[in-house]
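K.L.:
quick one, structure for this:
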Amino acid sequence: MSRWRDLPDELDPQVREFAELLRTVVDRAGLRLGAVADRTGYGRRSWERYLDGRLLAPKGAVIALAEVTGTPTVHLTTMWELAERAWSRSETRQERTLDAVRIARTRAAPGESGPPGGGKRDGGRVAGPAGVPPDAPRKLGGGAGSQRSALFLAGVVGVVIVVVGAFLLTDGGTPKRTVGAVESPSPSAGPSRALPSGVLCGGSGCTGKDAEEMGCSGDLVTTAKSAAVGPVLVEVRYSRTCGAAWGRITQAVPGDVVRVTVGSRRQTGSLTDAGETIAYTPMIAVRDADQARACAALASGRKGCTR
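P.N.:
Numbering: from 1, shown residues only. Alright, predicted model coming up:
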């Protein structure tokens, strides 16, 4: 019985082929996921997602896997580039679909109120003033006719203002922006168009999220600060692209805890699985890496932080 799950049916064929290649490389090396994580520096949960086709492995993880398994790097990176293009095309299609839905909703919204009423209906025709046949022509000139036209237009404008105001101010009880305001995407709604392909958050939208799942690690991360706490190395990991930092400990044992703080904000991670030696915290948005500080609290009782 295979140890791998079935790959998602909706996967692009190129991405599927790449995921199967990664599985083959791991199988040939006779490695368990814990060992792959320890030797490559990428977490076990992340490798599960890479090998199950739920997330495209970053290039840095692919190169690390090639090095620890003795696989030619050029072959794996070439296949990764093809898979990355296919993954990007799939994301672009999804974004276009969402854009089309948003546009359709925007166009449909003004018509939901229906056309304003202009008088009582009488057999499908609008009844005219008393004593005037419904189909009789009307003059637009003259004092009385000009007054009725002005009142009618004023009424229409009033109805439109009320309807539009109600639509903007009430949508499930949530206040809306005024007409003319520039709509900006919510940080948590999805990746910004300005972000590189595969990066799924930026700034405050990254706070509390997993760096590898959001595409903020790999080639996009550097170690900004580090300190030794007994046998454990504690680090501040920083991604300028994502505008976020997180804490990481390596050579750790179950029970060891890592924490990252930025001002009064804090995120914590711990090592719980036997056989693993790496743990990291969720991200915190930062303007620069100097704002962040990482600390380790070991199961042995030792503690220490980066400067």
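
K.L.:
switch to C-alpha atoms for all contacts and neighbour counts from now on
P.N.:
Fine.

K.L.:
for the stretch 101-250 of the chain, what are the low-confidence residue spans?
P.N.:
In the predicted model of the stretch 101-250 of the chain, residues 101-145, 147-193 satisfy pLDDT under 70.

K.L.:
please repeat the previous calculation with a cut-off of 80.
P.N.:
Counting by pLDDT under 80, the stretch 101-250 of the chain contains low-confidence ranges at 101-194, 218-219.

K.L.:
if we go by neighbour counts, what in stretch 262-275 is buried?
P.N.:
Within stretch 262-275, the residues that count as buried by 16 or more other C-alpha atoms under 10 Å are 262, 266, 267, 268, 269, 270, 271.

K.L.:
typo on my end, it should be stretch 47-59
P.N.:
Residues of stretch 47-59 classed as buried by neighbour count (16+ other C-alpha under 10 Å): 47, 48, 50, 51, 52, 53, 54, 55, 56, 57, 58, 59.

K.L.:
doesn't the third one belong to a helix?
P.N.:
Yes. Using DSSP: H, G, I helix; E, B strand; the rest coil, the assignment for residue 50 is a helix.

K.L.:
that one and residue 62 touch, don't they?
P.N.:
No. When contacts are counted by C-alpha atoms under 8 Å, residue 50 is not listed as touching residue 62 (9.9 Å).

K.L.:
mind checking the SS state of residue 7?
P.N.:
Going by three-state DSSP, the secondary structure assigned to residue 7 is coil.

K.L.:
quick one: residues contacting it.
P.N.:
Counting by C-alpha atoms under 8 Å, 6 or more residues apart in numbering, residue 7 touches 16, 52, 53.

K.L.:
try residue 304
P.N.:
In this structure, residue 304 makes contact with 227, 228, 229, 295, 296, 297, judged by C-alpha under 8 Å, 6+ apart.

K.L.:
let's see 7 Å
P.N.:
229, 295, 296, 297 (C-alpha atoms under 7 Å, 6 or more residues apart in numbering).

K.L.:
before we move on, what about residue 258?
P.N.:
Here residue 258 is in contact with 247, 248, 249, 268, 269, 270, 280, 281, 295, 296, 297 (C-alpha under 7 Å, 6+ apart).

K.L.:
thinking again about what came up before, so of the contacts of residue 304, which ones are in strands?
P.N.:
Among these, DSSP state E puts 229, 295, 296, 297 in strands.

K.L.:
count of neighbours near the first one?
P.N.:
Read it as residue 229. 18 (other C-alpha atoms under 10 Å).

K.L.:
so the closest residue to it other than its chain neighbours versus residue 268, what's the distance?
P.N.:
Leaving aside its chain neighbours, residue 229 sits nearest to residue 304 (5.5 Å; criterion: C-alpha to C-alpha, 6 or more residues apart in numbering). Relative to residue 268, residue 304 is positioned 14 Å away (C-alpha to C-alpha, to the nearest Å).

K.L.:
swap in residue 220?
P.N.:
Taking C-alpha to C-alpha as the measure, residue 220 falls 22 Å from residue 268.

K.L.:
same thing with residue 77?
P.N.:
For residue 77 relative to residue 268 (C-alpha to C-alpha), the value is 33 Å.

K.L.:
that older thread, where is pLDDT lowest across the buried residues of stretch 262-275?
P.N.:
Within the buried residues of stretch 262-275, residue 271 has the lowest pLDDT, namely 77.

K.L.:
got the contact list for the closest residue to that residue other than its chain neighbours?
P.N.:
Nearest residue to residue 271, sequence neighbours excluded (C-alpha to C-alpha, 6+ apart): residue 254, at 4.8 Å. Contact partners of residue 254, counting by C-alpha under 7 Å, 6+ apart, are 271, 272, 273, 274.

K.L.:
please, which helix or strand holds residue 254?
P.N.:
Taking DSSP states H and E as the definition, one finds residue 254 inside no helix or strand.

K.L.:
next one: it, what pLDDT does it get?
P.N.:
In this prediction, residue 254 carries a pLDDT score of 89.

K.L.:
before we move on, what about the one 5 residues further on?
P.N.:
In this model, residue 259 is scored at 95, pLDDT.

K.L.:
am I right that it is in a helix?
P.N.:
No. Applying three-state DSSP, one finds residue 259 to be strand, outside a helix.
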